Structures are given as structure tokens and as C-alpha cells.
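1. Predicted model follows, preceded by the sequence.
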Amino acid sequence: MKNRIFLFGLLLLIHLSTHASVYGVDFETLTSFVTSGPHETFLERATSFGDINGDTHTDALLMTRNLRDGEFNLHIFYGRRSWDAEVSTDNSDVIIRMTREASFNNIWARGDIDDDGKADFLFNSDTEVFIFYGGALKRDMTPNDADILIQSREPILITSVISGDVNNDGFDDIIIGAKKENIGFVYIFYNEILTPYIDVSKADLIIEGEEPNDSFGKSLRVLSDMTSDKRNELLIGAPKAFESGAVYLFYRPYQTGEIYAETADVIFFGNENVREKFGYTIEDGGDLNGDGTHDIVIGAQKAKGLDSDMGAVYIYHGKDFWESVEIDQADAIVTGDKGGDLFGKGFAPISDVTEDGKGELVVGSEWSVSENDPTGRIYFFNGEQLISKMDAITAEKKLTGISNEVRYNGIVQPAGDFDNDKKNDFFVMSQELHQSENLQVLKVMTIR
């Protein structure tokens, strides 16, 4: 009898140890970056992370705009062992002050262009790309201090910029999305000879979009070997292509010259004749299904579903060979709770916090408790859930805003490893009541 009780207890202990991390997960805020006043706002697509000063701690890069004078500022906060609960933008370690005559957006600091072991960062105005090498930065700078400036003699509108090793030579390359005469282009500069001043027309590879006004190049990501051939891939979003949106996957974009979007190895299509912005947000999803290859996550914040603007997130598991993929062929589809949610406006794949061998996904939405009360909501999905079609309401964990106190606007983005626990954290943007003032807040959160 004692042996039976012991065996039962042992099995129960094994069961609990296997599932405690799954059923005990919760959201935890590591720190909150707070604007200096209601006159200042964070830019939705302009947050990034990386070890800029080489001290092994993850730094935060945040761009703000002053609503009074229109001035843009890029704030860098160096990582540290422990963070205060709140950090004002007035207290950033480095500030880059922009001109009022230009509009700035998009920051990227996830690469090392000069291969010195420190993260470099890029950001763009409508017509220029500024590249700063990591290291000891001055406290107060301007875009004129950039190490590399990329411009265009022709009128273009730059929409995105990232870095990553697309030609698989071990060095990060520069990738720029832009619109010229209503056609989207992607310009790739291989990291071979980078001079202080570069014209965008000198790109090593130029990829031209398929249709006018399809926003080709609006979103860009270098993927970590989806096809198990030990090479990175390039993913390009065109959220207005064919009305619904499309995403283009290039296996080996290391040739030179000019090619066309339709020559992509794989094209992922959105819902036909539905303007859902499929491909507005894209990410390397990590290994969500635990098969050893990275997966692709694509957001369509305007997806209709049962009601308008419900939003959806589509997951495609990595494999050795792909064919062009219709939207109903996604390996997993998660749709918003109801109309107007804009589910999938932002998301962040995170590490295996539940320790089940599968990655997880955090997704934001503008969920509203009632028609005129958009509190927003953040969802956590474990890898076990992301295997078929499901509704956001079935998420393992949900974090809902509070009327008149905390409103989440749906922006969720990767934040690297802020607390050095070898698991990925994420940014969450919100509007919060602080001492009778409504201030914008950018939280760094994790899952425990």
C-alpha cells in the first residue's frame, strides 16, 4: 500500500513539475519608460533593442515626438542589472535630436554592421537613412553625427530599414524599403565597402514590387534559416498588394542587380478582395512547434473574420520546401475577439518560458470592453495552442486595460533579453493616468 501511495505521489509530482510552468504563467513588468508630459508621444514603429555600448546588457532605443513643436528625438537607455519601476524620457543616457523639417520613423538595433561586437543602430527620415556604430556615444547628438548616411538623388519615400546577413557571408547587410513613383522597392547593400555617404541607387541588389501602391517593402525581416539549408532568408511585406496584402519570401537574395517581387521563392497571399493589411507586421517566430526550424508569423490587423477589423495572426511552420501559400493554408490562424479589435497590430515571439520545447507568442489588440471604451488587451499563447485555427479569447493568459487608467493600443514588439535570464522580453505601449496627466508609457514586460 505504501509503495502504491509513493508511486502515485511520484507521478503527481512529475505531472505538476511538467505543467506548473504552463499554468502558472503571468505578465510581469520589468520597467516602464514614461514620456515627459502629455505633449510627448512614442512612435509606434520606432522601438528597438541591442547592446550598443558592449556591456552585455540589453539597451532600449525609443523614438518620441513633441506634439508642440513637432521635434523628433531618439532616446537610448543603457541596460543595467536592475531597473527603476519607471524611467522618464528626460533621463535617457543618449539623445539624438532631429530636425523639425523632416519626419522620422523606424529604428533597428539588432545587428552589428562593423563586426566589432557592439550593436549598431539605424533609423530613417522620409528621404535618408542614418547609421550609427555602437560604442561610446556622446550624450547629445544629431543625425549629422551618423557614421553612414544613405540618400537618394531621386525623390523616394523611405518606409522601413533593418540590418541582417542576407548573403550569408557572416556580416550584417543593410536593407531599405522605399516607395518611388508609387512603386515599392527594396534596396540591399552588402557589407563589403560601406563609405560615409552612399546613394540608394548604388545598392547591390534592388527588388521591385509588383503593383503600384502595394506598399512593397513596408515591413522587412531577415529570417534564421527556415528551410534548414544553413542560410538566412529575406521576408518582405506588401500589405496592400492585391488589395488584401502579400508577403514575399526569398531563399537566397545574394545576387546583384535588379529583380522583381514576383520572382520570390514563395509568396504568401492574404484573403482575396479583403483589405486586411496582411503583411503589415511580420516576424521570425522562432520555433513555435518544436520541430527544430524557425517559423513565420504574419499579422493582418484589418482581417474581417466574422466582423470588420477583427484582425488575425497567421503562423507558417518552417520547412525544407515551400510553394506559394494561400491564406487558408496557414498552419495556425488566431483571430481577434470581435470587430474593431485590430488583433495582430503588434506581436512578439518569445523564448520557451513554459519549458515544453516550443516557443510562445504575445499579441496585442485594441480590444474594447464596450463600443466606446477601447481598453486594449495583450494575449499570451503557448506553442501547444498554435497548431490550428483558434480565437484570441482562448489564449492561455490575457492582460486587459482598465478604463480611464491604462489603455493598451495594440503595439507589442520584441525587446530582447532585458533582465539577462536568457529569455526574450517584449515592449507594450499604453496610455496611462499619471498624477492626473495622461502620459504615454512603453513597458518592458516578460512572462514568468
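-> Here it is on my side, so go on.
2. C-alpha from now on. contacts and neighbour counts both.
-> Fine.
3. Now E262. Its backbone dihedrals?
-> phi -70, psi -10 (degrees, to the nearest 10).
4. doesn't E211 make contact with it?
-> No: E262 is beyond contact range of E211, at 10.2 Å (criterion: CA atoms under 8 Å).
5. More neighbours: those two, which one.
-> E211 (16 against 13; other CA atoms under 10 Å).
6. Would you confirm that the more buried one belongs to a strand?
-> Yes: counting by DSSP: H, G, I helix; E, B strand; the rest coil, E211 is located in a strand.
7. just checking, it touches E243?
-> No: at 10.2 Å, E211 does not count as touching E243 under the criterion of CA under 8 Å.
8. measure T29 to V353 for me?
-> As judged by CA to CA, to the nearest Å, T29 and V353 stand 15 Å apart.
9. Compare those two and say which one has the larger neighbour count.
-> Neighbours per residue, other CA under 10 Å: of T29 and V353, the larger number sits with V353, 20 against 15.
10. Tell me how far the more buried one lies from K218.
-> Counting by CA to CA, the separation of V353 from K218 is 31 Å.
11. just G376 next, same as before
-> 25 Å.
12. what residues are up against I113?
-> Going by CA atoms under 8 Å, 6 or more residues apart in numbering, I113 touches A119, D120, Y133, S163, F171, D172, D173, N191.
13. The second one contacts F130, correct?
-> No: taking CA under 8 Å as the definition, D120 is not a contact partner of F130, at 10.8 Å.
14. Neighbour count: the two, which is higher?
-> With neighbours defined as other CA under 10 Å, D120 and F130 compare such that D120 has more, 24 against 21.
15. dump the residue contacts of the more buried one.
-> D120 is in contact with G50, I52, A109, R110, G111, D112, I113, D114, I131, F132, Y133, G134, counting by CA under 8 Å, 6+ apart.
16. what's the distance between the nearest residue to G135 once chain neighbours are set aside and I193?
-> With CA to CA, 6 or more residues apart in numbering as the criterion, G135 has its nearest non-adjacent residue at 4.6 Å, and that residue is N53. Per CA to CA, N53 is found 24 Å from I193.
17. Of those two, give the one with the bigger neighbour count.
-> Set N53 next to I193 and count neighbours by other CA under 10 Å: N53 wins out with 20 against 7.
18. sec struct for that one, please.
-> Following three-state DSSP, N53 is assigned to coil.
19. Quick check: it touching K138?
-> No: here N53 lies out of contact with K138, judged by CA under 8 Å, at a distance of 11.4 Å.
20. What mean pLDDT does stretch 264-277 get?
-> Stretch 264-277 comes out with an average pLDDT of 88.
21. contacting residues for S36?
-> S36 neighbours (CA under 8 Å, 6+ apart): S88, T89, D90, L439.
22. Going through those residues, which ones are buried?
-> Among those, those classed as buried by 16 or more other CA atoms under 10 Å are T89, L439.
23. phi, psi of S201?
-> With angles defined as degrees, to the nearest 10, S201 sits at phi -70, psi -10.
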